[in-house]
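**Q** Let me see the structure of the following:
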Amino acid sequence: MSAAIYSITENRASAMDFSEPVYIDELTVGYVRPILQSDMMGFLKPYTDEMWVGIMLGVLSISVSIYIIMQAQRYIAGIHNSMYTINIPHVTGIPWFPTGNSGRVVACTWLLMAFILSCVYRSNLMAMLVSPKVQLPFSSLEELAKTDITLWVPAGSRFHEALTAASPTSTIGRVKKNTFLSANGLQGLKGYQNGQWSLITYKGPLTYTLHRDFSQQVITLIKLPIISFPITQHGYCRFYIMPEGIFKVNLLSLGFPKNSSLKPPVDKIIRNLREFGIIDHLFQKQVSNATECLKPLGYEIERAKKALALQDFYGVFSIYLAGLVLSLASFLLELKRCVHQ
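**A** Numbering: from 1, shown residues only. Here you go, the predicted structure:
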């Protein structure tokens, strides 16, 4: 009888007999959990690129509309119409207001639009700062195939067999270019823990690695002269499991030589343990701390306070600096012109 459980495949079934399924599991991929980082262009994220283009087109169209209306009323608006349109969203002083009913209707419409846009922008920006979102490197095998992340595959596994038989245009076939095949399980686990590659195996063992890693992060020993005891601190999860599994139903069983007399009594024991829920209970008991790492990404961020770093303001500072440079250049040009006059 084998000392470990194996997934039942056609090749293995032809060489040995398998017991009643001890556990039913799915293949999945584990990888380093992304962390929240400062975003230099975060001030642009409240709106999409299409929305920013629409706002710019709106500013341009309103400026042109006011200019046309003022020209029709024989009023020389000059640069006032453009400055009026731009100053409204920035909540700056407005030294000039369009005259006539037509110009005022257009101006008031833009006032209302600018008020709505600014309120939505501030609300979205505040929501992003309070509850930031972190994107997973991949959440399915299709997304993994589009990245350059190395996938460690155990040699002789069910996924290795599927990888060998897959066509180059299939999802599994497209992953093949990034795979690293090895029979050294310890090497695969170390590379996974060091962030060197992603690891494909059954969800149960990956869940156990999450439990072990989380437990090592949160348990600390307090040593006193007479006694030492462990305390639990606020831990964190360094890894995550791909939400979408592969080969959803995998029967994991014990292996026996063909026509072994041990198979019937072992089948009866496994069947009783499974029907009474003892196997599931023992498994959940061994992975109790993994539940924190299996929660949706961003859950622990929502509970924590988001402190703004200096890098979060680099984008705004760069625009402010560009404005200062343009203002200084304009001032120097005006000064030069006045000297020549």
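**Q** Please make it C-alpha for all contacts and neighbour counts, starting now.
**A** Will do.
**Q** which element is Leu254 on?
**A** strand 246-256 (DSSP states H and E).
**Q** Which neighbouring elements make contact with that strand?
**A** With contacts taken as 3 or more Cα pairs under 8 Å, 6 or more residues apart in numbering; DSSP states H and E, strand 246-256 sits against strand 5-7, strand 17-18, strand 23-32.
**Q** Tell me the strands beside it, with direction?
**A** Sheet pairing of strand 246-256 (DSSP bridges) gives strand 5-7 (antiparallel), strand 17-18 (antiparallel), strand 23-32 (antiparallel).
**Q** Including distance to Lys45, could those go into a markdown table?
**A** Conversion of those to a markdown table gives the following (distance: least, Cα to Cα, whole Å):
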| stretch | distance to Lys45 |
| --- | --- |
| strand 5-7 | 46 |
| strand 17-18 | 55 |
| strand 23-32 | 25 |
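**Q** got these as TSV, with mean pLDDT, mean neighbour count and distance to Thr179 columns?
**A** Below are the strands paired with strand 246-256 laid out as TSV (pLDDT from 0 to 100; neighbours: other Cα atoms under 10 Å; distance: least, Cα to Cα, whole Å):
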stretch	mean pLDDT	mean neighbour count	distance to Thr179
strand 5-7	78	19	21
strand 17-18	88	21	30
strand 23-32	89	21	12
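**Q** for those strands, which one sits closest to Ser167?
**A** Between Ser167 and those, the shortest separation by Cα to Cα is 19.6 Å, and it involves strand 23-32.
**Q** Quick one: end-to-end distance for stretch 146-153.
**A** Counting by Cα to Cα, to the nearest Å, you get 17 Å between the two ends of stretch 146-153.
**Q** That stretch - what's its average pLDDT?
**A** On average, the pLDDT along stretch 146-153 is 91.
**Q** Centre of the chain to that stretch, how far?
**A** 17 Å (Cα atoms, centre = their mean, to the nearest Å).
**Q** before we move on, what about stretch 141-150?
**A** When distances are taken as Cα atoms, centre = their mean, stretch 141-150 is centred 14 Å away from the chain's centroid.
**Q** swap in stretch 240-260?
**A** Per Cα atoms, centre = their mean, the centroid offset for stretch 240-260 relative to its chain is 29 Å.
**Q** got the contact list for it?
**A** 1-8, 15-33, 138-141, 203, 206-207, 210, 262-263, 293-294 (Cα atoms under 8 Å, 6 or more residues apart in numbering).
**Q** Just the terminal-to-terminal distance for that stretch.
**A** For stretch 240-260, the first-to-last residue distance is 40 Å (Cα to Cα).
**Q** Now do that stretch, average pLDDT.
**A** Confidence for stretch 240-260, expressed as mean pLDDT, is 85.
**Q** Next, the buried residues of that stretch.
**A** Tyr240, Ile241, Met242, Gly245, Ile246, Asn250, Leu251, Leu252, Ser253, Leu254, Gly255, Phe256 (16 or more other Cα atoms under 10 Å).
**Q** for stretch 199-217, same thing?
**A** So stretch 199-217, judged by 16+ other Cα under 10 Å, has buried residues 199-204, 206-215, 217.
**Q** next one: stretch 176-184
**A** In stretch 176-184, counting by 16+ other Cα under 10 Å, buried: Lys176, Asn178, Thr179, Phe180.
**Q** how far out from the middle of the chain is that stretch?
**A** 25 Å.
**Q** Now do it, average pLDDT.
**A** Averaged over stretch 176-184, pLDDT sits at 89.
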